[in-house]
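Asks: how would this look folded up:
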Amino acid sequence: MIHVIAILTAKPGKRAEYLELFQANVPAVHAEDGCIEYTTTVDVAGADPAFGPDTFVVVEKWASMAALKAHAAAPHMKALGEKTAHLVAARAVHVLEAA
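Replies: Numbering: from 1, shown residues only. Predicted coordinates:
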């Protein structure tokens, strides 16, 4: 199984708009072959340390690297990137496997 932690930071004050567009795409991702989990998360209120008010984290699980690569190349992901490009301040994606 492949684990992905994607840390996405919106431009100041734009997280809600970014999240709305991102979450509209989630059903298409869940329908992809090999998608086990794909969840958007934000800081728990009062958490310390915190990612902050402009950041959300996507927690993903994929059946294989092939499934993850197909996800990255999917037309709906390209479309999402085009719709959200103006909202993104930073993006870090960590691809992991069990130790």
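
Asks: what does stretch 79-98 rub up against?
Replies: Defining contact as C-beta atoms under 8 Å, 6 or more residues apart in numbering, one finds that stretch 79-98 is touched by 1-12, 14, 17-18, 21-22, 25, 54, 68. (Glycine included, C-beta is placed from N, CA and C.)

Asks: buried set for it?
Replies: Of the residues in stretch 79-98, those scored as buried under the neighbour-count criterion (16 or more other C-beta atoms under 10 Å) are 80, 84, 87.

Asks: distance between the ends of that stretch?
Replies: Terminal residues of stretch 79-98 lie 31 Å apart, using C-alpha to C-alpha, to the nearest Å.

Asks: assumed Thr84 was part of a helix.
Replies: Yes: the assignment for Thr84, made by DSSP: H, G, I helix; E, B strand; the rest coil, places it in a helix.

Asks: and the lengthiest helix in the chain, what does it pack onto?
Replies: When the chain is parsed with DSSP state H, its longest helix is helix 15-30. If you count contacts as 3 or more C-beta pairs under 8 Å, 6 or more residues apart in numbering; DSSP states H and E, helix 15-30 packs onto strand 2-10, strand 35-41, strand 55-62, helix 75-84.
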